[in-house]
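1. need a structure here:
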Amino acid sequence: MKGIIIFASAMEDGEAITTRALLKRAGLSLDSVVIRGDKTIQTAYQQVVVSDYQLSEINPLDYDFLVIPGGPYVGQTVDSDHTIKALAKSMYDAGKIVAAICAGPRFLGQARLLDDKAFTCYPGSERDMPLGRYLADQKVVKDGQIITARAAGSTVEFAAMITKTLLGDKAMNQLLASIYY
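-> Modelled structure (predicted):
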């Protein structure tokens, strides 16, 4: 199974880099993708990271899942973004898993992918999902093909749920045991 993780300048370091590391540890293939511009980005906490691809270099439908981290970039781009929302919608429509953490679910909300779905997100971000069921007290919520997580503090649980969904309980338990969770 292989997936895409969105990398963007000002992405939340832990939500992107830790999630990527945990999913790779679990045995999933995961390519980092920038939507536009330079493949070299600077995270919210000034780490310089190089993405594997620009979106224009891949066919997203060749992938099994999408991961959208949060961070300040979401607030800076979500209202004017068309690309991440369209990517999430096309993958969802193709039956793929779409996962977003912290403010990342705002893209899903604006794309109407969370209508009538249970979800969680960073407090305040739920305003973009008025037709969904916000579960503020949950770290991670899975509803059908959509996985959402509350914030950086739920990164391990987020990666575990993605692993469980794609590879099963055994793989998830092996991942958690490998980090002494």
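2. Which residues does the helix or strand harbouring Ile162 contact?
-> Per DSSP states H and E: Ile162 is located in helix 155-167. Residues from elsewhere that reach helix 155-167 (Cβ atoms under 8 Å, 6 or more residues apart in numbering): 1, 14-15, 18-19, 22-23, 26-28, 64-65, 67, 97, 99, 101, 139-140, 142, 147, 149, 171-172, 175-176, 179, 181. Placement of C-beta: from N, CA and C, glycine included.
3. Write the PyMOL selection for whichever of those are buried.
-> The PyMOL selection below is limited to those of the contacts of helix 155-167 classed as buried (16 or more other Cβ atoms under 10 Å):
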select buried, resi 1+14+15+18+19+22+23+26+28+64+65+67+97+99+101+139+140+142+147+149+171+172+175+176
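4. Just the ones of the contacts of helix 155-167 in helices?
-> Applying DSSP state H to the contacts of helix 155-167, the entries found in helices are Thr19, Leu22, Leu23, Ala171, Met172, Leu175, Leu176.
5. List just the nearest of those to Tyr122.
-> Nearest to Tyr122 among the ones in helices among the contacts of helix 155-167 is Thr19, at 14.9 Å by Cβ to Cβ.
6. Contact partners for that closest one?
-> Thr19 neighbours (Cβ under 8 Å, 6+ apart): Ile5, Val67, Pro69, Ile101, Thr155, Phe158, Ala159, Ile162.
7. So what pairs up with Val49 in the strands?
-> Ile41 (DSSP bridges).
8. Over to Lys142?
-> Ile147.
9. any idea how far Val49 is from it?
-> Using Cβ to Cβ, to the nearest Å, we find Lys142 at a distance of 28 Å from Val49.
10. and if you look at Asp64?
-> 23 Å.
11. what do you get for Lys24?
-> 15 Å.
12. and these two? which has more neighbours close in?
-> Val49 (18 against 12; other Cβ atoms under 10 Å).
13. Surely that one and Ile41 touch.
-> Yes - the criterion here is Cβ atoms under 8 Å, and Val49 meets it with Ile41 at 5.7 Å.
14. which residues do the two both contact?
-> Phe7.
15. Do you have the strands of the chain handy? List them.
-> Shown for the chain, the strands assigned by DSSP state E span residues 2-6, 29-34, 40-42, 48-50, 53-54, 65-68, 97-101, 118-119, 133-134, 140-143, 146-149.
16. which residues are contacting the last one?
-> It refers to strand 146-149. Counting by Cβ under 8 Å, 6+ apart, 92, 97-102, 104-105, 108, 113-114, 117, 119-121, 139-141, 155, 157-158, 161-162, 165 sit against strand 146-149.
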